[in-house]
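In: Give me coordinates for this.
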Amino acid sequence: MSLLQTLCEDYARFPANQTYSIYAKDVFFKDPLNQFQGVERYKKMIQFIERWFIDTRFQLHDIEDTGNSIKTRWTLSWKAPLPWKPAMSIDGWSELQVNDDQLIVSHIDHWDCSRFAVFKQLFSVG
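Out: Next up is the predicted model:
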């Protein structure tokens, strides 16, 4: 199975049963809230999402392979684990750098909104 196929399948079932073998052991990850290195730390972040977020969905809108990099456009949505279960959503895109062994060595997520805009969703009703 190609790396692109694997990514598409991982997005479709996110956050469950992710394919961590497509990442280099020392993968660099960055998003507007986190920055770290290592696939083990990446696993822990995904496990946190799987455990605490409700009805998580990762909709893949576009995926483009440019040889040594992959760009994706997506929407991540979930319900926050609060008594009123506010609906949350982030539109964004990812830049994945791939090495010669077809392993992802860098995964950088960009959001189309500010962290504050995401935080404000916690207080939306309905």
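
In: What segments of this structure are strands?
Out: 23-30, 35-37, 54-65, 69-79, 87-98, 104-111 (DSSP state E).

In: For the worst-scoring helix or strand of the chain on mean pLDDT, buried residues please.
Out: Using mean pLDDT, DSSP states H and E, helix 115-120 stands out as the lowest-scoring helix or strand of the chain, at a mean of 94. Under the neighbour-count criterion of 16 or more other C-beta atoms under 10 Å, helix 115-120 has residue 118 buried. The way it works is simple: take the backbone N, C-alpha and C, and place the C-beta from them, glycine included.

In: With stretch 60-75 instead?
Out: Neighbour counts over stretch 60-75 (16+ other C-beta under 10 Å) mark 60, 63, 70, 72, 73, 74 as buried.

In: Could you do stretch 2-18 as well?
Out: Neighbour counts over stretch 2-18 (16+ other C-beta under 10 Å) mark 3, 7, 10, 11, 14, 15, 18 as buried.

In: Reformat the strands of the chain as CSV; add mean pLDDT.
Out: As requested, the strands of the chain are exported to CSV (pLDDT from 0 to 100):
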stretch, mean pLDDT
strand 23-30, 98
strand 35-37, 98
strand 54-65, 96
strand 69-79, 97
strand 87-98, 98
strand 104-111, 98
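
In: Relative to residue 48, which of those strands is closest?
Out: Of all those, it is strand 54-65 that lies closest to residue 48, at 11.1 Å by C-beta to C-beta.

In: how much does the closest one deviate in direction from strand 87-98?
Out: 30 degrees (axes from the mean of the first three to the mean of the last three C-alpha atoms, to 10 degrees).

In: and residue 66, what pLDDT?
Out: Residue 66 is assigned a predicted lDDT (pLDDT) of 89.

In: ah, wrong one, I meant residue 1
Out: pLDDT at residue 1 comes out at 73.

In: Now do it against residue 16, distance only.
Out: From residue 1 over to residue 16 the distance is 18 Å, taken as C-beta to C-beta, to the nearest Å.
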